[in-house]
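Asker: need a structure here:
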Amino acid sequence: MITIVDYGAGNIRSVQRACAEIGIQSVVVSTPADLQNAERIIFPGVGAAPTAMETLGRTGLSASLKRSFELGIPILGICLGAQIVLDSSEEGDTPCLRLIPGSAVRFKLRDKLLKIPHMGWNTVKVIQPHPLLEGIEQEDEFYFVHSYYPQPANRENIYAVSDYGIEFCSALGYRNLFAVQFHPEKSGRLGLQILEHFAKWGGNVPAESAENRGQ
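Answerer: Numbers count the residues shown, from 1 in each chain. Below you'll find the predicted structure:
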């Protein structure tokens, strides 16, 4: 059973429908008590970091998510959920969950033909292996909608990159937390494949780089 966190940031039902499409049972929760016994957690979201963090703090979900992370429960962040797992966001100079060192930053593009938000299909280049990215080829595309992107403080936390005028981190992780800037639930077969991998993932990372990651 996968627990999907609803903190008022939208995108919840599309994630639940994607899980159902591949036969994965899920439940949507919005309180710390409901999150307490989660076996796996999807932390999705669209919208603004300040509003999201205010809601997470007010409801107590931020503390519950941190507790789940420390307990080793597998967590998958999506879009906004890949940004606010970091220390902070440039969007409103917002303090975030501090699960992975780094910050979410806004696109600063020299190419005036590129519009913000970055919206549509883009390639995702895997730069180090992860169980959730197994089977992803270098030219495979996923669907993005965002104006900010995660910028981990440590290169070791970056698992995939994409290009939109600049190279940016499109997948990051540390220990039992993995997060993607793109929307797997809107990315067709390959996105569903990531959700399938997550449903089987025990929260472990490749042994060869696990010791230094997040330090």
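Asker: hey, let's count contacts and neighbours off CA atoms from now on
Answerer: OK.
Asker: what are the ranges of the strands in the protein?
Answerer: With DSSP state E, the ranges of strands along the chain come out as 2-5, 26-29, 40-43, 75-78, 86-89, 94-95, 100-106, 118-123, 125-126, 141-146, 148-152, 158-163, 167-174, 177-180.
Asker: Contact partners for Phe144?
Answerer: Neighbouring residues of Phe144 by C-alpha atoms under 8 Å, 6 or more residues apart in numbering: His118, Met119, Gly120, Trp121, Asn122, Gln181, Phe182, His183.
Asker: quick one: the third one and Tyr164, what's the gap?
Answerer: The spacing between Gly120 and Tyr164, counted by C-alpha to C-alpha, to the nearest Å, is 11 Å.
Asker: Just send the strands of the chain back as JSON lines, with distance to Phe69 and mean pLDDT too.
Answerer: Below are the strands of the chain laid out as JSON lines (distance: least, C-alpha to C-alpha, whole Å; pLDDT from 0 to 100):
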{"stretch": "strand 2-5", "distance to Phe69": "14", "mean pLDDT": "97"}
{"stretch": "strand 26-29", "distance to Phe69": "17", "mean pLDDT": "96"}
{"stretch": "strand 40-43", "distance to Phe69": "10", "mean pLDDT": "97"}
{"stretch": "strand 75-78", "distance to Phe69": "7", "mean pLDDT": "98"}
{"stretch": "strand 86-89", "distance to Phe69": "13", "mean pLDDT": "98"}
{"stretch": "strand 94-95", "distance to Phe69": "18", "mean pLDDT": "98"}
{"stretch": "strand 100-106", "distance to Phe69": "11", "mean pLDDT": "98"}
{"stretch": "strand 118-123", "distance to Phe69": "29", "mean pLDDT": "97"}
{"stretch": "strand 125-126", "distance to Phe69": "24", "mean pLDDT": "97"}
{"stretch": "strand 141-146", "distance to Phe69": "25", "mean pLDDT": "98"}
{"stretch": "strand 148-152", "distance to Phe69": "17", "mean pLDDT": "98"}
{"stretch": "strand 158-163", "distance to Phe69": "18", "mean pLDDT": "98"}
{"stretch": "strand 167-174", "distance to Phe69": "10", "mean pLDDT": "98"}
{"stretch": "strand 177-180", "distance to Phe69": "7", "mean pLDDT": "98"}
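Asker: Tabulate the ones you listed in a markdown table, adding columns for distance to Phe198.
Answerer: A markdown table is the format used below for the strands of the chain (distance: least, C-alpha to C-alpha, whole Å):
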| stretch | distance to Phe198 |
| --- | --- |
| strand 2-5 | 9 |
| strand 26-29 | 12 |
| strand 40-43 | 8 |
| strand 75-78 | 7 |
| strand 86-89 | 20 |
| strand 94-95 | 27 |
| strand 100-106 | 19 |
| strand 118-123 | 20 |
| strand 125-126 | 17 |
| strand 141-146 | 17 |
| strand 148-152 | 20 |
| strand 158-163 | 15 |
| strand 167-174 | 13 |
| strand 177-180 | 9 |
